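S.K.: predicted model and sequence below, questions to follow.
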Amino acid sequence: MFLYRLRAKDVDTVCYIGQTSDLSGRMRDHASTFAPVAPEVSHLAKPLGGGIVHALELENDLIGAFFASQGTAPRFQFRAGTMDKHLERT
């Protein structure tokens, strides 16, 4: 199980926080979503306690912490979009 975040390099902001059991497959999915700009990925493998329930709880906590510090959720957390559209708006 992996927790990960995607960060838009050009605008230096976290655009998505997620969890998956297949990091390479999930990154391939995200690559098509965010093309042609590849976001920077950071991840944590096997969070303490393991298991999907704990990973989902940690993911939720990270999204909540981002919201508490930024006043908004990561840009692509709760809606579909592409990095091109994001960059056009900034």
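M.R.: Structure's in. What do you need? What you see is a predicted model, and the numbers here were worked out from it, not measured in a lab.

S.K.: average model confidence for the longest helix belonging to the chain?
M.R.: Longest among the helix segments of the chain by residue count, using DSSP state H, is helix 52-70. The pLDDT scores in helix 52-70 average 91.

S.K.: what comes into contact with it?
M.R.: Residues from elsewhere that reach helix 52-70, judged by C-beta atoms under 8 Å, 6 or more residues apart in numbering: 1-3, 5, 14, 17-19, 21, 47-48, 73-74, 77. Every C-beta, even on glycine, is put in place using the N, C-alpha and C of the backbone.

S.K.: buried residues in that helix?
M.R.: Judged by neighbour count using 16 or more other C-beta atoms under 10 Å, the buried positions of helix 52-70 are 55, 58, 59, 62, 63, 66.

S.K.: rewinding a little: now tabulate the contacts of helix 52-70 in JSON lines and tack on distance to residue 36, pLDDT and secondary structure.
M.R.: As requested, the contacts of helix 52-70 are exported to JSON lines (distance: C-beta to C-beta, whole Å; pLDDT from 0 to 100; DSSP: H, G, I helix; E, B strand; the rest coil):
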{"residue": "1", "distance to residue 36": "30", "pLDDT": "82", "secondary structure": "coil"}
{"residue": "2", "distance to residue 36": "25", "pLDDT": "86", "secondary structure": "strand"}
{"residue": "3", "distance to residue 36": "26", "pLDDT": "89", "secondary structure": "strand"}
{"residue": "5", "distance to residue 36": "20", "pLDDT": "91", "secondary structure": "strand"}
{"residue": "14", "distance to residue 36": "20", "pLDDT": "89", "secondary structure": "strand"}
{"residue": "17", "distance to residue 36": "22", "pLDDT": "94", "secondary structure": "strand"}
{"residue": "18", "distance to residue 36": "21", "pLDDT": "93", "secondary structure": "strand"}
{"residue": "19", "distance to residue 36": "26", "pLDDT": "90", "secondary structure": "strand"}
{"residue": "21", "distance to residue 36": "28", "pLDDT": "85", "secondary structure": "coil"}
{"residue": "47", "distance to residue 36": "32", "pLDDT": "59", "secondary structure": "coil"}
{"residue": "48", "distance to residue 36": "36", "pLDDT": "59", "secondary structure": "coil"}
{"residue": "73", "distance to residue 36": "24", "pLDDT": "91", "secondary structure": "coil"}
{"residue": "74", "distance to residue 36": "20", "pLDDT": "91", "secondary structure": "coil"}
{"residue": "77", "distance to residue 36": "21", "pLDDT": "89", "secondary structure": "coil"}
